[in-house]
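In: show me how the following folds:
(4 chains)
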4 protein chains.
Amino acid sequence: MVIGNTCRFLGRPRFSVVHPLARLFTSSNMAKSKFEYVRNFETDDTCLRNCYIVVRLDGRNFHRFAGQHKFTKPNDNRALGLMSRSARSVMEELEDIVIAYGQSDEFSFVFKRSSTWFKRRASKLMTHVASQFSSSYVFYWKEFFEDQPLLYPPSFDGRVVLYPTNRNLKDYLSWRQADCHVNNLYNTVFWTLVQKGGLTTAQAEDRLKGTLAADKNEILFSEFDINYNNESAIHRKGTTFIWEKREETVIKRMKVPGEEEKDVPVTSSRRRVQSYHCDIIGDQFWEEHPRVLEDDDS
Amino acid sequence: MVIGNTCRFLGRPRFSVVHPLARLFTSSNMAKSKFEYVRNFETDDTCLRNCYIVVRLDGRNFHRFAGQHKFTKPNDNRALGLMSRSARSVMEELEDIVIAYGQSDEFSFVFKRSSTWFKRRASKLMTHVASQFSSSYVFYWKEFFEDQPLLYPPSFDGRVVLYPTNRNLKDYLSWRQADCHVNNLYNTVFWTLVQKGGLTTAQAEDRLKGTLAADKNEILFSEFDINYNNESAIHRKGTTFIWEKREETVIKRMKVPGEEEKDVPVTSSRRRVQSYHCDIIGDQFWEEHPRVLEDDDS
Amino acid sequence: MVIGNTCRFLGRPRFSVVHPLARLFTSSNMAKSKFEYVRNFETDDTCLRNCYIVVRLDGRNFHRFAGQHKFTKPNDNRALGLMSRSARSVMEELEDIVIAYGQSDEFSFVFKRSSTWFKRRASKLMTHVASQFSSSYVFYWKEFFEDQPLLYPPSFDGRVVLYPTNRNLKDYLSWRQADCHVNNLYNTVFWTLVQKGGLTTAQAEDRLKGTLAADKNEILFSEFDINYNNESAIHRKGTTFIWEKREETVIKRMKVPGEEEKDVPVTSSRRRVQSYHCDIIGDQFWEEHPRVLEDDDS
Amino acid sequence: MVIGNTCRFLGRPRFSVVHPLARLFTSSNMAKSKFEYVRNFETDDTCLRNCYIVVRLDGRNFHRFAGQHKFTKPNDNRALGLMSRSARSVMEELEDIVIAYGQSDEFSFVFKRSSTWFKRRASKLMTHVASQFSSSYVFYWKEFFEDQPLLYPPSFDGRVVLYPTNRNLKDYLSWRQADCHVNNLYNTVFWTLVQKGGLTTAQAEDRLKGTLAADKNEILFSEFDINYNNESAIHRKGTTFIWEKREETVIKRMKVPGEEEKDVPVTSSRRRVQSYHCDIIGDQFWEEHPRVLEDDDS
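Out: Next comes the predicted model:
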């Protein structure tokens, strides 16, 4: 397009240059407003008020991912550590999350009932959590896997579920912890049979077909001298994050008018994310941390 | 818990060991099924059939992020390259995406009308896209920002919008490209006034208050000898990805029975993601790529 | 509560009466605003733009209702007439309905794609249709069932379904008309076997088990000399309502200044609801009434 | 179509008749299955579990309807009676409704938290309520308006709102009763000013502009000797329906083997709908009827 330069050399009056461009850009601007009707196709996905909002993430194709990155069996502490580090990153970013619980390649984040984060829009809440978790997972990878390079960017999918009462929410978390228990017991026996018992994976699978929890426990105990209850709590119970207030006392040098400068202890209260690897199905955890959940009828 | 060992030494019959544990684990298993009712609180968010499903991602706090990572103004080609690299990673992972369009810190992904990916569940589609994009962004960072370390994991939020007809979908994409045009023209003039014209940012903002597209264009042209239409297409038009079929011919050494081994050219057709930086508001792009969209009435 | 009268007799100053009441009512008013937060629990159920909105009603427990009100078998023309009268009442009330189709105890109403009736809120659309239809059904009952009193108020339930394209909508209507065909053929043979063939209902059911349409047709034809295609169109095809423009000419006595009063024909165009009992699966109906549906890509 | 008869007269073999028809009807049957994909366009609108489901109906254009049917002002007891009669009909039909509250031309129906009626599908619940209410309104009209014929079928629209806790639900009902109070006080004063005070409606409106509840009360009291609190409870408080258990004793003639036949009192417990016109904002009503609401945390 040479109109511009030509015009300049010929010294044509300014409007002759401006006119065609003006038409072009005015129509572009008009175009935008002409297209803006498409915004009305967005639907409102506001979460029902006064319900807990749970966002759960699950690793996609993590069986393959674990194999390619040589995760140890039945549990890889580096991988669990990285999951927890990423979850902590989400929780510190989104302060309305009151509790998070994770195990294996999944993590659940619970927003408080009264949260107005993102105007409670489900899509925004779940995509932000999924995004923050995923970028953190790659970002912190090398802190946990020093010698094992990340081969490709992994992904997680998410969902939103609402729970109207404290009972429902606790039952949700209990469900995930019971799932952790069932899977970890199975995996512990399975890999013990393979790694210490010399079975092939097919043989181990066969051996465990139809067994109950008690049978699995008995195999560990009588054949391998392993008491399942002494296994690592992080593997048996998963990881729970809550916010806790900490009193912190710092010595500060201060000067009060009319007095000499002196060291003064200054105490402040700071919220920070604390992790637990304990039972959250029974009442004890909830009695010890009564502020995690709001009252049903407040 | 020493029951196990004690029992063993005393040679107690097996069932005496099993009983208490059996009770424990049976009740855990029962617990899981007792809690499983919470699954019914999940709601079905299946997208309406025969509509295009658009997932749009937007960078969160990218103004701050851009400042901390010293993005050049008005456009940083490294940042745009990384956005495109991440979008390509999403598109290659989710083959039902027929077209993607991005500009600045946003990217839109369009799933074909007939897609049954994730059973069309909106939550799965948008979280997977957000997750894959975000982990890719961190994963590929150093390919684009060699000397600039990533300071913290960034995040994107997403949304899902449905479009019933080709006209509506094209208008959506036109809306985003018109937005790209309006913003890039503004930013180009603004930063030219600051970087070449010596104005402060406040003065530049003031200067541009109330100006139309034609005025901005005229400032560039008459004061800085810049014809906006000669600016980089990637900045003016953003980036469009579509799938294209490529014929590929490879020479393979083959042996046909009864003949001597020889070199044979083998041609195969392979889909790959192709990028464009052209106008997608007019009809030309769509006429040149008639297979991107399905017919409304098929 | 006698405060008022007591006060009056005692001649107490006015404010002493007013104060307690003022407190009472002020707090009532405040109460209302205190409770208004509950409005935020309503969720937005706006229908996706540019889609046809179908509301389908189905009679509840109409098998029992038909028995109690002695509907004739296999079709009761009074009942069908009342259904159609009620549907017409809905259509005349809600002008954005472009087509309605009914058979047996069901009726479907199709709102045009561009309708903004009730801001496209699904709940409002379907409850209004269900309400108008039901009150009309009772209101017009005696026009169709002169000798048969209505024993109790019947009810209908409804649903909303969206269709993005003309093809999808036509297929929906075809599905309902195909359903009409299948049911009516079955019922015609069944009741012919019972009423003319002397079979019990159990025998007739048995006789028809596993028969195809051709078999049923053959039974009618060879055993009862009935050609199904000569049966009443309203029973075989159901009832379709659309809007039609009619030119109407009325003679009006008018006076033009300077002339004598005289009779003048005045023509006006008036929309009215027209019924059809024809095939709507094939193309002919749609070609003859091209204005019923809007273009997909407009 | 004469194929059938022709064939018969000519004594052609049966299959020659069957073939064309078979093709016709087989294709019709196939057609139905071909169209059935349209069912998948229905979306799931299941209500979140463990929440109260409120369906509220509002009269459409009832201002006009009231005028045309000469409703008395400010309240028409026939109209209120008919609303209540219709609500009772809904409640008796849908036993999972635990409480209903109505005033003026609106009625709210509350389904219990644990209801699985219609699988908790919002559309089914609200259309059934709207339909049953509307057909009842017409059906029972002449019981309340003996001398006033119903001129046309009225309609109501509805909506569904979910409440997660007892507090939220009570606040919803309080909100409606506070609305009843505010409106009825206004209407009472307004129509007193017109009917007894001789003001025009415009003058009455003017007089009430900006007045508080206390002012309105004072007008009634000092100018018309009316103590608002002595007005009819049904007008001030609206109508609340709940289910109540009644012990009923009936004398039955029974014969026990080996004894003579004799009269025996048989007591049974029967649920029936009971109406109240009392305050439901305070705690008293809920304390007196503790079984209406389920516990939040059950």
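In: in the stretch 151-298 of chain A, what residue is nearest chain D?
Out: Closest to chain D within the stretch 151-298 of chain A is A:Pro164: 3.4 Å, counting by C-beta to the nearest C-beta. Glycine gets a C-beta too; all of them are placed from N, C-alpha and C.
In: how much space separates A:Gly67 from chain C?
Out: Between A:Gly67 and chain C the distance is 42 Å, computed by C-beta to the nearest C-beta, to the nearest Å.
In: wait, a helix at that residue?
Out: Yes: applying DSSP: H, G, I helix; E, B strand; the rest coil, one finds A:Gly67 inside a helix.
In: the residue of the stretch 151-298 of chain A closest to chain D: what's it in contact with?
Out: A:Pro164 makes contact with A:Leu48, A:Asn50, A:Cys51, A:Tyr52, D:Leu48, D:Arg49, D:Asn50, D:Cys51, D:Pro164, D:Thr165, according to C-beta atoms under 8 Å, 6 or more residues apart in numbering or on different chains.
In: now it: closest residue in space that isn't a chain neighbour?
Out: D:Pro164 (3.4 Å; C-beta to C-beta, 6 or more residues apart in numbering or on different chains).
In: give the phi and psi angles for the one you found, as a check.
Out: phi -80, psi -30 (degrees, to the nearest 10).
In: can I get the contacts of A:Pro164 in JSON lines including distance to B:Lys170, pLDDT and secondary structure?
Out: Output for the contacts of A:Pro164, formatted as JSON lines (distance: C-beta to C-beta, whole Å; pLDDT from 0 to 100; DSSP: H, G, I helix; E, B strand; the rest coil):
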{"residue": "A:Leu48", "distance to B:Lys170": "35", "pLDDT": "98", "secondary structure": "coil"}
{"residue": "A:Asn50", "distance to B:Lys170": "41", "pLDDT": "97", "secondary structure": "coil"}
{"residue": "A:Cys51", "distance to B:Lys170": "39", "pLDDT": "97", "secondary structure": "coil"}
{"residue": "A:Tyr52", "distance to B:Lys170": "41", "pLDDT": "98", "secondary structure": "strand"}
{"residue": "D:Leu48", "distance to B:Lys170": "37", "pLDDT": "98", "secondary structure": "coil"}
{"residue": "D:Arg49", "distance to B:Lys170": "41", "pLDDT": "97", "secondary structure": "coil"}
{"residue": "D:Asn50", "distance to B:Lys170": "44", "pLDDT": "97", "secondary structure": "coil"}
{"residue": "D:Cys51", "distance to B:Lys170": "41", "pLDDT": "97", "secondary structure": "coil"}
{"residue": "D:Pro164", "distance to B:Lys170": "42", "pLDDT": "97", "secondary structure": "coil"}
{"residue": "D:Thr165", "distance to B:Lys170": "46", "pLDDT": "96", "secondary structure": "coil"}
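In: and of these, the nearest to chain B?
Out: Within those, the smallest distance to chain B is 5.2 Å, found for D:Arg49 (C-beta to the nearest C-beta).
In: settle this for me: the closest one is touching B:Glu42, isn't it.
Out: No: using C-beta atoms under 8 Å, D:Arg49 makes no contact with B:Glu42, being 9.8 Å away.
In: hmm, back to that, and the two most separated of the contacts of A:Pro164?
Out: Greatest spacing in the contacts of A:Pro164, by C-beta to C-beta: A:Asn50 and D:Arg49 (14.7 Å).
In: looking at the two, which is more packed in?
Out: A:Asn50 (24 against 21; other C-beta atoms under 10 Å in any protein chain shown).
In: contacts only, for that one.
Out: Taking C-beta under 8 Å, 6+ apart as the test, what A:Asn50 contacts is A:Arg113, A:Ser114, A:Pro164, C:Phe41, D:Pro164, D:Thr165, D:Asn168.
In: give me the pLDDT value at the fourth one.
Out: On the pLDDT scale, C:Phe41 is placed at 97.
In: list the contacts for it?
Out: C:Phe41 touches A:Leu48, A:Arg49, A:Asn50, D:Val161, D:Leu162, D:Tyr163, D:Asn168, D:Tyr172, counting by C-beta under 8 Å, 6+ apart.
In: top of these by neighbour count?
Out: Of all these, D:Leu162 has the most neighbours under the rule other C-beta under 10 Å, reaching 27 neighbours.
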